[in-house]
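have a look at this fold, sequence not included:
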């Protein structure tokens, strides 16, 4: 993982919330929250909460007496999340998922939406979730499948490879889509102390009003922005324009839609 992969700085958090959340994250947030609600949690921890889309869905779907602790390593993302959900049920904490500031067996559910891929040591991250879970407690998380199964993302990455042929920005392929092997996921969870591991591929359709929206979302609303800006000419706006043109060629110049696929994972703490 590159050192900039976790740098959601500047305006990235705002663009992420405004464009990426409805584009790709919302349907999976609703799906994950529904799975967690069926498990009837009593005390729940969310790691890598980002701008809080899963937190908002959990608050909407869970009974009012269920406590939710939502954490993220990145303060700008957490600030965006707090502003969007001023709910007294939710305790917001800045925390590293690999070194959680909670006692053993503090929660019966741990949830993580599209965050595990960012862990520099995924087994350690899973083991921390296991540590703070009660025996028999459950971990729920999702990760993106291979980049080819998310058509807007794949198109943007291909366009950037043409724009920067000598050193293409690889953040999206390297990190968000870099943890998609079910056998590896299962092995990591078993090493961390989990059993009853279930991994399900879930498809949705991503929709945008114009090709410009996903172009801006991916080029300017993710840490790939840092990679693009570090490369200099032709610059961020030109790279975003090239991505928009590639999306329009593949999907059309008006309202567009493309396939997305994620793996949804659940496991039980031994």
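All right, it came through fine. Predicted, not measured: the structure shown is a model, and the values here were computed from it.

and stretch 36-47, how far from the chain's centre?
Relative to the centre of its chain, stretch 36-47 is centred 18 Å away, using CA atoms, centre = their mean, to the nearest Å.

list the contacts of that stretch.
Under the criterion CB atoms under 8 Å, 6 or more residues apart in numbering, residues 54-55, 58, 61-62, 66-72, 95, 97, 100, 102, 106-113, 115, 125, 129, 132, 138, 140 lie in contact with stretch 36-47. C-betas here are computed from N, CA, C, even on glycine.

give me the distance between the two termini of it.
In stretch 36-47, first residue to last residue: 14 Å (CA to CA, to the nearest Å).

one more: stretch 101-112?
16 Å.

what mean pLDDT does it get?
In this model, stretch 101-112 has a mean pLDDT of 98.

need the residues that contact that stretch.
The contact list for stretch 101-112 (CB under 8 Å, 6+ apart) reads 32, 36, 39, 41-48, 54, 58, 69, 93, 95, 97, 129, 131-142.

check for me that residue 35 belongs to a strand.
No - using DSSP: H, G, I helix; E, B strand; the rest coil, the secondary structure at residue 35 is helix, not a strand.

ok, it - contacts?
Neighbouring residues of residue 35 by CB under 8 Å, 6+ apart: 140, 264, 266.

among the contacts of stretch 101-112, which ones are in strands?
Members of the contacts of stretch 101-112 lying in strands (criterion: DSSP state E): 43-47, 69, 93, 133-142.

now, of the residues you listed, which are buried?
Buried by 16 or more other CB atoms under 10 Å: 44, 45, 46, 47, 69, 133, 137, 138, 139, 140, 141, 142, out of those.

now do the strands in this protein.
43-47, 67-72, 90-94, 107-113, 133-144, 194-208, 256-269.

pick the most deeply packed of those.
strand 107-113 (a mean of 26; mean count of other CB atoms under 10 Å).

quick one: the helices in the stretch 101-250 of the chain?
Listed in chain order, the helices of the stretch 101-250 of the chain (DSSP state H, counting those that start in this stretch) span 122-132, 151-163, 171-174, 182-192, 212-220, 224-230, 236-251.

the nearest residue in space to residue 194 that is not next to it in sequence and residue 114, how far apart?
Nearest residue to residue 194 in three dimensions, chain neighbours excluded: residue 267, at 3.8 Å (CB to CB, 6 or more residues apart in numbering). Separation of residue 267 from residue 114 (CB to CB, to the nearest Å) stands at 17 Å.

same question, residue 81
14 Å.

ok, the two, which is more surrounded?
More crowded of residue 81 and residue 114, by other CB atoms under 10 Å: residue 81, with 25 against 22.

correct me, but the more buried one touches residue 55?
Yes - when contacts are counted by CB atoms under 8 Å, residue 81 is listed as touching residue 55 (6.3 Å).

in TSV: the buried ones among the ones in strands among the contacts of stretch 101-112, plus pLDDT.
Shown next, in TSV, are these (pLDDT from 0 to 100):
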residue	pLDDT
44	98
45	98
46	98
47	98
69	98
133	98
137	98
138	98
139	98
140	98
141	98
142	98
